[in-house]
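Asker: mind folding the following:
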Amino acid sequence: ERLARLRHTPAVTLDGEKIELLANIEMPEDAAAALATGVVGVGLFRSEFLFMGRQGNLPDEQEQYAAYRRAVEGMNGLPVTIRTVDVGADKPLDEARHDAAHLNPALGLRAIRWSLSEPSMFRRQLRARLLADPPSLFMGVDAPDFNLDLAADLKSAGIPAVQFVCPSVWAWRPERVVKIARSVDHVLCLFPFEPDLLRHHGIDATFVGHPLASVIPLQPDRLAARRQLGLDPKVPVLAVLPGSRASEVKYLAERFLCAARLLAQRHPGLQVVLPVAGGLRAQVEQIVARVGAVPGLQLIDGQSHAVLAACDLTLVASGTATLEAALFKRPMVIAYNMHPVSWWLMRGKKLQPWVGLPNILAGEFVVPELLQDQATPQALADALHDWLEQPQKAAQLQQRFEAMHHSLTRDTARSCADAIEKILAR
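Answerer: Alright, predicted model coming up:
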């Protein structure tokens, strides 16, 4: 009774700070009761209660839509925050199915980890939630295999859809352009050549710059980076970047380290630095032990940007790291190796003579690419040696990379906002 009398009393601290009170609800029927207490919205609708205790018979999309819609309507226009399903580990779908093997439930398969392991279930929930309380616009960020299907459904329901980061249809799987056209109203592109390509297929697009171009300084401070990493400022540094995924490290790390050893034999005193991606330290250490001594080798946890800033040249796996190396203005040798069957499948879908982003952006081979069987330790070491022996060529490359850096630099946030405002104004 006392709480009921206080429900309309303003929530203000003694020093005059206003506090907004929001409800935590478990089922849509709770919304009306929450509204009666004087809250200004639902801060958390715990959607997992729609999923739990059902003997594995999960709610379908229509049931979820109806529940979310009732909660939204029950709050009479006040905001409702719906949490995606948070079950698993210490919050099992059904108590009888609780997995006692989870000694530390916080590290178990729960919440977003469980949702990502069941993408179709996760997509159904997101679609139901977004259709129950439609946003003014949906923007998918990268992850096209997940986002484009969701965007297509929302677009067909009248919700404008935008994709941030164009799928690399210019490199492989060009058939995806049909899906992009069907799924979204606009694409926000990271590379300057992408909008024209998309417009050729009837897709509106805007170049918004690459975020890395704004993060990485135009003139990296090599000496400061070497001080940070404890490296000798007077001795050449080779950065070894065999990838950030376990599969890449499996196929590349050993040949990269063998190449570094061959290069160190030709350049005594060479400092070799390998920034280890998160969670891969044990795998990398096992490969180092198998390869044997590599003169001057240092393993560093993370800090790949500091390592690229500090180095004189880099041996790098094909991928975003090649663009990062270019923005740091470092000579590089790009390499890749994968399972032979995967290589056979990928090679048939390749559309351009280049795989490295610096070469794709330049439209020519400005740095060497050694792929699959070509990526032998000796060939990699020879290509790296050529850079050390040709400082004038390296200086010319640095100028090319500086121009590339300028071409990719935009106020990305402002450019995205401007493009979205135009879509919303239609």
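Asker: if I've got this straight, residue 315 is in a helix?
Answerer: No: counting by DSSP: H, G, I helix; E, B strand; the rest coil, residue 315 falls outside a helix, being strand.
Asker: list the contacts for it?
Answerer: By CB atoms under 8 Å, 6 or more residues apart in numbering, the contact list for residue 315 reads 238, 239, 240, 241, 256, 259, 260, 332, 333, 335, 380, 384. From N, CA and C alone the C-beta is placed, and that goes for glycine too.
Asker: my read is that the last one contacts residue 264, right?
Answerer: Same thing as residue 384. No: at 10.3 Å, residue 384 does not count as touching residue 264 under the criterion of CB atoms under 8 Å.
Asker: with neighbour numbers in mind, choose between those two.
Answerer: More crowded of residue 384 and residue 264, by other CB atoms under 10 Å: residue 384, with 26 against 21.
Asker: in the protein, where's the longest helix?
Answerer: When the chain is parsed with DSSP state H, its longest helix is helix 246-266.
Asker: ok, then the element right after it?
Answerer: Sequence-wise, the next helix or strand downstream of helix 246-266 (DSSP states H and E) is strand 271-276.
Asker: on contacts alone, who are the packing partners of the helix or strand following that next one?
Answerer: For strand 271-276, the following helix or strand on the C-terminal side (DSSP H and E) is helix 281-291. Taking 3 or more CB pairs under 8 Å, 6 or more residues apart in numbering; DSSP states H and E as contact, the helices and strands that helix 281-291 lies on are helix 246-266, strand 297-301.
Asker: check which helices and strands the longest one sits against.
Answerer: Just to be clear, that refers to helix 246-266. When contacts are defined as 3+ CB pairs under 8 Å, 6+ apart, helix 246-266 sits against strand 237-241, strand 271-276, helix 281-291, strand 313-317, strand 332-336, helix 377-389.
Asker: do you know which of those lies nearest residue 172?
Answerer: Closest to residue 172 of the helices and strands packed on helix 246-266 is strand 332-336 (CB to CB; 13.1 Å).
Asker: the closest one pairs with which strands, parallel or anti?
Answerer: Strand 332-336 has the following strand partners under DSSP bridges: strand 313-317 (parallel), strand 369-371 (parallel).
Asker: what angle sits between it and helix 377-389?
Answerer: Per axes from the mean of the first three to the mean of the last three CA atoms, to 10 degrees, the angle that strand 332-336 makes with helix 377-389 is 160 degrees.
Asker: hmm, who's touching strand 332-336?
Answerer: The contact list for strand 332-336 (CB under 8 Å, 6+ apart) reads 252, 255-256, 313-318, 322, 325-326, 355-356, 358-359, 367-372, 375, 380, 383-384, 387.
Asker: in PDB, could you pull the C-alpha coordinates for the helix or strand just after it?
Answerer: Helices and strands here follow DSSP H and E; after strand 332-336, the next one along the chain is helix 340-347. Included here for helix 340-347 are C-alpha records, laid out as PDB according to Å, rounded to 0.1, in the frame of the first residue of the first chain:
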ATOM      1  CA  PRO A 340      43.400 -28.200 -51.400                       C
ATOM      2  CA  VAL A 341      39.700 -28.800 -51.900                       C
ATOM      3  CA  SER A 342      38.800 -25.400 -50.600                       C
ATOM      4  CA  TRP A 343      41.400 -23.900 -52.900                       C
ATOM      5  CA  TRP A 344      40.000 -25.700 -55.900                       C
ATOM      6  CA  LEU A 345      36.500 -24.400 -55.100                       C
ATOM      7  CA  MET A 346      37.600 -20.900 -54.400                       C
ATOM      8  CA  ARG A 347      39.900 -20.600 -57.500                       C
END
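Asker: buried ones in stretch 133-151?
Answerer: 138, 139, 140, 144, 147, 148, 149, 150, 151 (16 or more other CB atoms under 10 Å).
Asker: CA atoms only: put that stretch into PDB for me.
Answerer: What follows is stretch 133-151, C-alpha atoms only, in PDB (Å, rounded to 0.1, in the frame of the first residue of the first chain):
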ATOM      1  CA  ASP A 133       7.700  -2.500 -33.300                       C
ATOM      2  CA  PRO A 134       9.000  -1.400 -36.700                       C
ATOM      3  CA  PRO A 135      12.100   0.800 -36.800                       C
ATOM      4  CA  SER A 136      12.400   3.800 -39.100                       C
ATOM      5  CA  LEU A 137      15.200   2.000 -40.800                       C
ATOM      6  CA  PHE A 138      17.200  -1.200 -40.500                       C
ATOM      7  CA  MET A 139      21.000  -1.200 -41.100                       C
ATOM      8  CA  GLY A 140      22.900  -4.400 -41.300                       C
ATOM      9  CA  VAL A 141      26.600  -4.100 -40.500                       C
ATOM     10  CA  ASP A 142      28.800  -6.500 -42.600                       C
ATOM     11  CA  ALA A 143      27.900 -10.200 -42.100                       C
ATOM     12  CA  PRO A 144      25.900 -10.300 -45.400                       C
ATOM     13  CA  ASP A 145      25.100 -14.000 -45.100                       C
ATOM     14  CA  PHE A 146      23.100 -13.200 -42.000                       C
ATOM     15  CA  ASN A 147      21.900  -9.700 -42.600                       C
ATOM     16  CA  LEU A 148      20.700  -9.800 -46.200                       C
ATOM     17  CA  ASP A 149      18.000 -12.400 -45.600                       C
ATOM     18  CA  LEU A 150      16.700 -10.400 -42.600                       C
ATOM     19  CA  ALA A 151      16.900  -7.200 -44.500                       C
END
